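Participant: When you get a sec, could you give me coordinates for this:
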Amino acid sequence: MNSTWRLRVELADSPGALARVTIRLADADCNVLALSVIPVPGGVLDELVVQTGPGVLPADLVAAVRSEGGRCVGITPANLRDLVDSPTAALRAAANAMQDGNVTDALRKVLAADSVVVSPDEPTDEPGHHIRMTAPDGTVVEARRGWSPFTQVELARGKALLDLLSVPPPRIRAAMSDDGMALVLRPGLPSDENAVADLHTRCSLRTMFSRYHAGMRSVPRRWLHRLLSPPRGSTILVQCADRVIALGQLIRMSTPECAEVSLLVEDAWQHRGVGTALLSALADTARAAGYRELVAWCLPSEDGLRRTAERAGLPSSVRREDGLLRVTLHPHAGTIQRPIATLSLDNSR
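Facilitator: From the prediction side, this is the model:
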């Protein structure tokens, strides 16, 4: 009966070393189904998925590697899912986790781990047969694997997956402005680039300077993708009819429990409750992601953000830093006040 195995081997850094091992495996009636190279300090690991013929044992595979001067770091039974390349497997696991919320199962699949559990211990940056990683909300997750030690590359993959899954996408919601105009708050999409570019052109120099702290009439086109799809956060747009009238961002900072928040509201829509609805939506997203503080940077002469936070029921504190005001908001403190009526929309209907 045929069996399928996953091997990780260290080979001499010489031309043809891997080819000689595969020839040995072929002589033993083995078929190499997949091969990948994993960078490690001082060299690489070669990972092979091998289907064996009748009567071929794992010890025979190890012997084939050793006969060519290699060392088998680990061997474990494999199945068809191991034939999926690593980026595809990671994207599929992330998509499933976003749907069902099972982050530990996604990590187990991406890392080919024996188990992944929430751990009370401190994280570690030194991979071995177990690794501990910290999610942006401070949760420590431990992965264990007996068949082969983890590598730094796998540790980085696990951390990246935790970062990706830590910020849930903003909900779509409906709102009313102070003067009764119907608004929709929704996640930004790549297809919104032109609408967001138009939003910036309708903003005054003062509004642009308040947001970007630089004199500019419009934003460069190369900025639009990052504004709509920030790599470490999320973007919410406010739309009235077919026009985008405001944009807010939540970007994770180096401190796991902190995120930077920013708002841009078109001049004609300022002082109409749009910023309050937008900041409330960003605070909801921050709480769901486990952030304890939101930080905004304002010019010393401005207090609009603090007033908006007060209307949204978000306690704030202010200190001067590098010539700007650092406004810290606390999304978990107190009860959020909603002067603008909001309604969550069910995307499944």
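Participant: Look up how far residue 215 lies from residue 207.
Facilitator: The spacing between residue 207 and residue 215, counted by CB to CB, to the nearest Å, is 12 Å. From N, CA and C alone the C-beta is placed, and that goes for glycine too.
Participant: For the two, indicate the residue with more neighbours.
Facilitator: Neighbour tally, residue 207 and residue 215, criterion other CB atoms under 10 Å: the higher count belongs to residue 207, 16 against 8.
Participant: give me the low-pLDDT residue ranges for the stretch 1-150 of the chain?
Facilitator: 1-2, 80-85, 98-101, 136-137 (pLDDT under 70).
Participant: Identify each of the strands in it and give its residue range.
Facilitator: Taking DSSP state E, counting those that start in this stretch, the strands of the stretch 1-150 of the chain run over residues 3-10, 30-40, 43-52, 71-77, 115-118, 130-134, 140-144.
Participant: Using JSON lines, please lay out the ones you listed together with distance to residue 59 and mean neighbour count.
Facilitator: Formatted as JSON lines, those follow (distance: least, CB to CB, whole Å; neighbours: other CB atoms under 10 Å):
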{"stretch": "strand 3-10", "distance to residue 59": "11", "mean neighbour count": "20"}
{"stretch": "strand 30-40", "distance to residue 59": "13", "mean neighbour count": "14"}
{"stretch": "strand 43-52", "distance to residue 59": "11", "mean neighbour count": "19"}
{"stretch": "strand 71-77", "distance to residue 59": "9", "mean neighbour count": "16"}
{"stretch": "strand 115-118", "distance to residue 59": "26", "mean neighbour count": "15"}
{"stretch": "strand 130-134", "distance to residue 59": "26", "mean neighbour count": "21"}
{"stretch": "strand 140-144", "distance to residue 59": "24", "mean neighbour count": "20"}
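Participant: Please name whichever of those is nearest to residue 255.
Facilitator: strand 130-134 (11.5 Å; CB to CB).
Participant: between that closest one and strand 140-144, how many degrees?
Facilitator: Strand 130-134 and strand 140-144 meet at an angle of 160 degrees, taking axes from the mean of the first three to the mean of the last three CA atoms, to 10 degrees as the criterion.
Participant: What is strand 130-134 packed up against?
Facilitator: strand 140-144, helix 152-166 (3 or more CB pairs under 8 Å, 6 or more residues apart in numbering; DSSP states H and E).
Participant: quick one: average confidence on the last one?
Facilitator: Mean pLDDT, taken over the full extent of helix 152-166, equals 82.
Participant: Now that helix: buried residues?
Facilitator: In terms of neighbour count (16 or more other CB atoms under 10 Å), helix 152-166 has its buried residues at 154, 155, 157, 158, 159, 161, 162, 163, 164, 165, 166.
Participant: wait, which of those residues is closest to residue 192?
Facilitator: Scanning these for proximity to residue 192, where the rule is CB to CB, the winner is residue 164, at 20.9 Å.
Participant: Just list the residues touching the residue nearest to the closest one when sequence neighbours are not counted, thanks.
Facilitator: Spatial nearest neighbour of residue 164, chain neighbours left out: residue 94 (5.7 Å); criterion: CB to CB, 6 or more residues apart in numbering. Residues in contact with residue 94, defined by CB atoms under 8 Å, 6 or more residues apart in numbering, are 106, 161, 164, 165.
Participant: now those as a markdown table including distance to residue 134?
Facilitator: A markdown table is the format used below for those (distance: CB to CB, whole Å):
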| residue | distance to residue 134 |
| --- | --- |
| 106 | 16 |
| 161 | 13 |
| 164 | 14 |
| 165 | 13 |
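Participant: for the helices and strands packed on strand 130-134, which one sits closest to residue 19?
Facilitator: helix 152-166 (23.6 Å).
Participant: Against which helices or strands is the closest one packed?
Facilitator: So helix 152-166, by 3+ CB pairs under 8 Å, 6+ apart, packs with strand 30-40, helix 86-100, helix 103-111, strand 130-134, strand 140-144.
Participant: CSV for those, including distance to residue 305?
Facilitator: Conversion of these to CSV gives the following (distance: least, CB to CB, whole Å):
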stretch, distance to residue 305
strand 30-40, 44
helix 86-100, 31
helix 103-111, 33
strand 130-134, 30
strand 140-144, 33
